[in-house]
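**Q** After the sequence you'll find the predicted model.
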Amino acid sequence: MKPEQKIVISTPLSELWDSSGPVDGQLAEDLDEFGIKGLLEDGATLVVANVGHPFQWIAPQGRLWFFEHEVKPRLWREGLMLEDCPGQYSYVARKWLSPSRGAIVVLDVLH
């Protein structure tokens, strides 16, 4: 199977990959709104992990927009109900560290 054909089968993730194959890295910590924004402003990579779908790697020029307009209104926090989120889904953010790529913000989709 080609890497771009692989789909996410469960979250939290145990591995990352892109169209060229496995991405070296490991889970470092959970993130809140301020942690995500700081990492993105510093140039971190942003990827969405939605079970049943391939990873969605967000283009560098669209990362902050995607965070502000798509993620921020849906970022999971204590007491949040999915029905309170636009589209009734939410995101849990986790920081991964990769020796070759630096920080990667992984957004697990909750439905």
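**A** Yep, it's here.
**Q** What segments of the chain are helices?
**A** 33-41, 63-66 (DSSP state H).
**Q** can you put those in TSV and add distance to R94 and mean pLDDT?
**A** Bear in mind the C-beta positions are built from the backbone N, C-alpha and C, glycine included. Below are the helices of the chain laid out as TSV (distance: least, C-beta to C-beta, whole Å; pLDDT from 0 to 100):
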stretch	distance to R94	mean pLDDT
helix 33-41	10	97
helix 63-66	16	97
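**Q** Save the ones you listed as TSV, and put in mean neighbour count and distance to K6 too.
**A** Below are the helices of the chain laid out as TSV (neighbours: other C-beta atoms under 10 Å; distance: least, C-beta to C-beta, whole Å):
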stretch	mean neighbour count	distance to K6
helix 33-41	16	25
helix 63-66	16	22
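**Q** right, and the ones you listed - which one's nearest K2?
**A** Nearest to K2 among those is helix 63-66 (25.3 Å), distances taken as C-beta to C-beta.
**Q** And that closest one, what does it pack against?
**A** Counting contacts by 3 or more C-beta pairs under 8 Å, 6 or more residues apart in numbering; DSSP states H and E, helix 63-66 is packed against helix 33-41.
**Q** elements contacting the helix it packs on?
**A** For helix 33-41, the elements it packs on are helix 63-66, strand 90-98, strand 102-110, judged by 3+ C-beta pairs under 8 Å, 6+ apart.
**Q** For the residue lying closest to Q88 once chain neighbours are set aside, list the residues it contacts.
**A** Excluding its sequence neighbours, the residue lying closest to Q88 (C-beta to C-beta, 6 or more residues apart in numbering) is L82, at 4.9 Å. The contact partners of L82, by C-beta atoms under 8 Å, 6 or more residues apart in numbering, come to Q88, Y89, S90, L110, H111.
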